[in-house]
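Novice: have a look; sequence and predicted model below, questions after that.
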Amino acid sequence: IRFKTNSERLVIRVSVPNVSTRSIITMLNQAGFDLYQTVNGKQEYFGCLYPPIDLTDSYTKEEKLFPGEKELTINMPLYNDVSDVWIGLEKGASLLPADDYKYEKPIFFYGSSITHGASVSRPGQTYEAMLSRRFDTNFINLGFASGAKAEDAIIEYMAAQDYSIFVSDYDHNAPSAEHLEATHEKLYKAIRATHPDVPYIMITKPILHYKLDNEINDRRREIIYTTYKNAIASGDKNVYLIDGKEIFSDIPTGDCSADSVHPNDLGMHIMANAIAEVIEKNNLL
C-alpha cells in the first residue's frame, strides 16, 4: 500500500479471518505490517504495526509520523489472509498517489516458502522487497509455501504475464529430483516461448545447514545446472544461474538461517545481494 500524505498520525484497522500461527514465523511476519518512508528517493524503514499476540480476527494500531509530506509504503502480512484494511489519517491531511516506481514493469519471482518469506522478522524483509527498495522496482511474489511444484497450470499462467525479469527459485518444493528434472527445463522453455528476451535467473536450493549438503541436493543442483547449460548451448544470452550453496559459502550458515532451511533476515539480505549482483553486472533493468 503506497501513498503520500502530510498527516502526522496513521491508524490502521485490519480484519484477519482464520488466524493461523506457525512456530518458525513471527506474529509480525504472519499478521502484521511494516512501514517505510521514502527519503531522498530511497525507502527507509520507519516502524512496525504490530498485531496482538492473542489476535483472533481484527486489530487496530496507530503510528506517529514525521511532520511534512512524505511517501509511505506499507508492506502487507505474509502468512495470513487479510480481508479488509482501513487506513486513518488526521482530519484535513493530504492524500496523494505515490510516485511511480522507476521500473514499473515488475520483476517476477516464483518459488517456495523461502520466496514466500518464511522466517523473516517482518514483511519488508523478503529478498523481493529488499530488491524492490534497492532498484525502485515493482515486483510480483509468487512464493508458495510447500506449493511451488511447477504444475502445468501455473507454468501456463506465468508464461502469459508481463515482467522485466523472471526468477525461478522453486527447487525446495519439487517433491523429488525426478519431479524437478521433469519440470525445471519445461518451465524455462515455456517462459522462453512467450518471453524470448526477458532475463531469466535460476536459483538452486540454498544450503543453510550441513545436513542439506548431501547427494540428493547435489543431484538437484546438477539438474538446474543442466537447464542452464542447455539454455546457453541453445544460444540464450540472457539466462543466469545463482548457486544457492555458493552464495553462503563465506558466512557461517547457522547465522543465516532461522531453522536450518529458511533464511532469516541476514540470509535474505545475502540472497538479495546475490540477485542484485546479477542484475547490476548485466544491466538487466
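Specialist: All right, it came through fine.
Novice: and the residue of the chain most remote from its centre, what's its pLDDT?
Specialist: In the chain, residue 92 marks the outermost C-alpha relative to the chain mean, sitting 35.6 Å out by C-alpha atoms, centre = their mean. Looking at residue 92, its pLDDT stands at 97.
Novice: what about it, which SS state?
Specialist: What DSSP: H, G, I helix; E, B strand; the rest coil gives for residue 92 is coil.
Novice: quick one: it from residue 211, how far?
Specialist: Distance of residue 92 to residue 211, computed by C-beta to C-beta, to the nearest Å: 58 Å. The way it works is simple: take the backbone N, C-alpha and C, and place the C-beta from them, glycine included.
Novice: now residue 211: closest residue in space, sequence neighbours ignored.
Specialist: What sits nearest to residue 211 in space, not counting adjacent residues and going by C-beta to C-beta, 6 or more residues apart in numbering, is residue 260, at 6.7 Å.
Novice: who does residue 140 form a beta bridge with?
Specialist: Counting by DSSP bridges, residue 140 is bridged to residue 108.
Novice: can you count the residues close to it?
Specialist: Neighbour count of residue 140, defined by other C-beta atoms under 10 Å: 14.
Novice: could you list every residue that touches the residue nearest to residue 211?
Specialist: Shown in contact with residue 260 (C-beta atoms under 8 Å, 6 or more residues apart in numbering): 208, 209, 211, 212.
Novice: between these, which is nearest residue 166?
Specialist: Taking C-beta to C-beta as the measure, residue 166 sits nearest to residue 208 out of these, at 24.2 Å.
Novice: enumerate every residue touching the closest residue to that closest one other than its chain neighbours.
Specialist: Nearest residue to residue 208, sequence neighbours excluded (C-beta to C-beta, 6+ apart): residue 257, at 3.9 Å. Residues near residue 257 by C-beta under 8 Å, 6+ apart: 119, 208, 209, 263, 264, 267.
Novice: make TSV out of the residues you listed and add pLDDT, distance to residue 219 and neighbour count.
Specialist: Formatted as TSV, those follow (pLDDT from 0 to 100; distance: C-beta to C-beta, whole Å; neighbours: other C-beta atoms under 10 Å):
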residue	pLDDT	distance to residue 219	neighbour count
119	91	25	24
208	88	18	25
209	85	18	14
263	94	22	28
264	95	27	18
267	95	23	25
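Novice: residues in contact with the residue nearest the centre of the chain?
Specialist: Among the residues of the chain, residue 128 comes closest to the average C-alpha position under C-alpha atoms, centre = their mean, at 3.4 Å. Contact analysis of residue 128 by C-beta under 8 Å, 6+ apart lists 107, 109, 115, 117, 139, 141, 143.
Novice: one more pass at 7 Å, please.
Specialist: Taking C-beta atoms under 7 Å, 6 or more residues apart in numbering, we find residue 128 in contact with 109, 139, 141.
Novice: buried set for stretch 100-120?
Specialist: 103, 106-120 (16 or more other C-beta atoms under 10 Å).
Novice: part of a strand, is the residue nearest to residue 211?
Specialist: No - read with three-state DSSP, residue 260 is coil and lies in no strand.
Novice: just the strands in the stretch 101-250 of the chain please.
Specialist: 103-111, 137-143, 165-169, 200-203, 239-242 (DSSP state E, counting those that start in this stretch).
Novice: starting from the fourth one, tell me which strands it pairs with and how they run.
Specialist: Put plainly, it is strand 200-203. Next to strand 200-203 in the sheet, as set by DSSP bridges, lie strand 165-169 (parallel), strand 239-242 (parallel).
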